[in-house]
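Undergrad: Need coordinates for the following:
(chains A and B)
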Number of protein chains: 2
Amino acid sequence: MTFTGLRKNEPGLLLLAHGDGGILTHELIKGVFQKYLTAPELLALTDAALLPGAGTIALTTDSFVVNPLFFPGGDIGKLAVAGTVNDLAVSGSKPKYLTAGFILEEGLDLALLERAVASMAATAESCGISLVAGDTKVVERGKGDGIYINTTGIGFKDENASLGYERIEPGDKILLNGGIGEHGVAVLAERAGFTFDQTILSDCAPLNTLITPLLETFGPAVKFMRDPTRGGLATTAKEIALASGRDLWLEETAIPVRAEVRGATEFLGLDPLYLANEGKCILITAASMADEIVVSSAVFRQGKGAP
Amino acid sequence: MTFTGLRKNEPGLLLLAHGDGGILTHELIKGVFQKYLTAPELLALTDAALLPGAGTIALTTDSFVVNPLFFPGGDIGKLAVAGTVNDLAVSGSKPKYLTAGFILEEGLDLALLERAVASMAATAESCGISLVAGDTKVVERGKGDGIYINTTGIGFKDENASLGYERIEPGDKILLNGGIGEHGVAVLAERAGFTFDQTILSDCAPLNTLITPLLETFGPAVKFMRDPTRGGLATTAKEIALASGRDLWLEETAIPVRAEVRGATEFLGLDPLYLANEGKCILITAASMADEIVVSSAVFRQGKGAP
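TA: This next block holds a predicted model:
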């Protein structure tokens, strides 16, 4: 998760913008990774690979490099669990097992590490995923940033889910379960030392406990889901548009943005559409089903959702 | 993988030695991680968690932080595949799927990244594992070390394997499939810029293609396997002793060490018993089976093994 803008481009050298989820990230993935790593599950570029086995296994991996490690509403440990759990949940699978790989910087305050690990454990417990394998590496001072965590999540396909880019059709509605930009602003404000009248909390939360019952109730009426994390709602919408071959229309006035987030982004010169969310999901359904899903499902009630 | 010795201990701060696989690593795992992360699969502290599902799934995770990224006989990409594949193989499972999480440092030469990714792909291909999910993060200059890679491996339990600490009995023999210390010396020499008369190559290699046929032939005669990586043969033997409640005897004269490795470790003041290996496996079997296994299995022929 990096928010720094583009620097003068030295061809052949990695830029921070290669990590922001935008055009350069895509160029890096296409130009370097997809040239060699060509498994169809990987090339699908979905949030989790669905793997045939005895039962279909869902698999996803994510590294968390957030600075600061602790921010209003969350911390790297909570984020590392929720982020991976959500990638599994929006892929239509039930998260089951988690691995954690820690890259720790020499000189780290062990009390901070303990807080982060305790937070991971509490978050995993709250959403019913078991952390079953781990690894720890220590790097020299100045070669890390306190704590980096990779989590890999394994789930099993939810039999009630039938999600896919190919199911998106003209006339479908795009639903969003709450205000955008909260995680991005919370982290940026904490990093910069800004304080606002009202503390902005990250929306970081595992969504599987809400998505599983939603799929149980609505089943195939849910055509597609994604969590708009790095790159924000705008980048995620663009990715869905590219992958589905459909144009997506977002009505700016219909996108909820909390007043305090709006104020902070205006002050900081940022667009909430491009800021990371860590507890939001986009859901695509037939227009005829949209109202019922928004009214009757906990994931939208919790997020005080709006279409 | 860190080789730096203990610094003056500032209580409460992370030391490089917390990452060397020895006493401080164990203290860190017990004192911080196991306090909160308590899944029985995790507490078993084996190389891979075996997970009941439809069929038993094996799961393991490892982060690779080697410096330099390229060394005689291997590179971080090859290492990241082989290391995780070997953890699955010595746990008695057949490696099937791999995820890769990259943490890249701003300013990295993209040509180096491409070499590492190409090496990952070639190694994965050579040992029949599919890389099915990936993630890339970019961190600011000075907050990484070029390339860090986390790989998480998924396998399925090999029906021919019945391995376990509890199967180790008095009188069993400990087999080792080749010379020790080669990876450790290759990396250290490259990092320090030392050259020896004969270049020492890392033994980095995936072992599953040799272990699967070994288990097919010998089945339950193989009681236990481990790969002596970080911390070397001595640390791994100590871990097996602690976990099995048995004393392990290693006959120093029976442990193969290539002449050039012996020379280099004497010059560098290191003990090959504590240096990392990345293509070796320890195998424990009844004394009556030891000769047959050494003579007739490819994993020992390849390593020019000795008991």
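Undergrad: The host helix or strand of A:T236 - contacts with which helices or strands?
TA: Using DSSP states H and E, A:T236 sits in helix A:232-244. Using 3 or more CB pairs under 8 Å, 6 or more residues apart in numbering or on different chains; DSSP states H and E, the elements in contact with helix A:232-244 are strand A:222-226, strand A:282-285. Every residue, glycine included, has its C-beta placed from N, CA and C.
Undergrad: Flag every residue of the stretch 101-250 of chain A that's near chain B.
TA: Within the stretch 101-250 of chain A, the positions near chain B by CB under 8 Å from any CB of the partner chain are A:101-111, A:113-114, A:117-118, A:120-121, A:124, A:130-140, A:142-145, A:148, A:150, A:152, A:154, A:156.
Undergrad: Apply 6 Å and report the result again.
TA: Residues of the stretch 101-250 of chain A lying near chain B by CB under 6 Å from any CB of the partner chain: A:101, A:103-104, A:106-108, A:110, A:113-114, A:117-118, A:121, A:130-133, A:135, A:137-139, A:142-143, A:145, A:148, A:150, A:152.
Undergrad: residues in contact with the residue in the stretch 101-250 of chain A positioned nearest to chain B?
TA: Closest to chain B within the stretch 101-250 of chain A is A:V138: 2.7 Å, counting by CB to the nearest CB. The contact partners of A:V138, taken as CB atoms under 6 Å, 6 or more residues apart in numbering or on different chains, are A:L104, B:T2, B:L16, B:H18, B:G19.
Undergrad: Secondary structure and pLDDT for those residues - can I get that in JSON lines?
TA: Shown next, in JSON lines, are the contacts of A:V138 (DSSP: H, G, I helix; E, B strand; the rest coil; pLDDT from 0 to 100):
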{"residue": "A:L104", "secondary structure": "strand", "pLDDT": "93"}
{"residue": "B:T2", "secondary structure": "coil", "pLDDT": "31"}
{"residue": "B:L16", "secondary structure": "helix", "pLDDT": "80"}
{"residue": "B:H18", "secondary structure": "helix", "pLDDT": "84"}
{"residue": "B:G19", "secondary structure": "helix", "pLDDT": "76"}
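Undergrad: Give me the buried subset of those.
TA: The neighbour count (16 or more other CB atoms under 10 Å in any protein chain shown) marks A:L104, B:T2, B:L16, B:H18, B:G19 as buried among these.
Undergrad: three-state assignment of the closest residue to A:T99 other than its chain neighbours?
TA: In space, and not counting its chain neighbours, A:T99 is closest to B:T61: 3.7 Å by CB to CB, 6 or more residues apart in numbering or on different chains. With DSSP: H, G, I helix; E, B strand; the rest coil as the basis, B:T61 sits in strand.
Undergrad: you'd agree A:S119 is up against A:A80?
TA: No - between A:S119 and A:A80 there is no contact under CB atoms under 6 Å: 9.0 Å.
Undergrad: Which one's more surrounded, these two?
TA: Between A:S119 and A:A80, A:A80 has the larger neighbour count (other CB atoms under 10 Å in any protein chain shown), namely 28 against 20.
Undergrad: circling back to that earlier point, let's have the helices and strands packed on helix A:232-244 in a markdown table, adding mean neighbour count and distance to B:T212.
TA: Output for the helices and strands packed on helix A:232-244, formatted as a markdown table (neighbours: other CB atoms under 10 Å in any protein chain shown; distance: least, CB to CB, whole Å):
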| stretch | mean neighbour count | distance to B:T212 |
| --- | --- | --- |
| strand A:222-226 | 23 | 38 |
| strand A:282-285 | 24 | 43 |
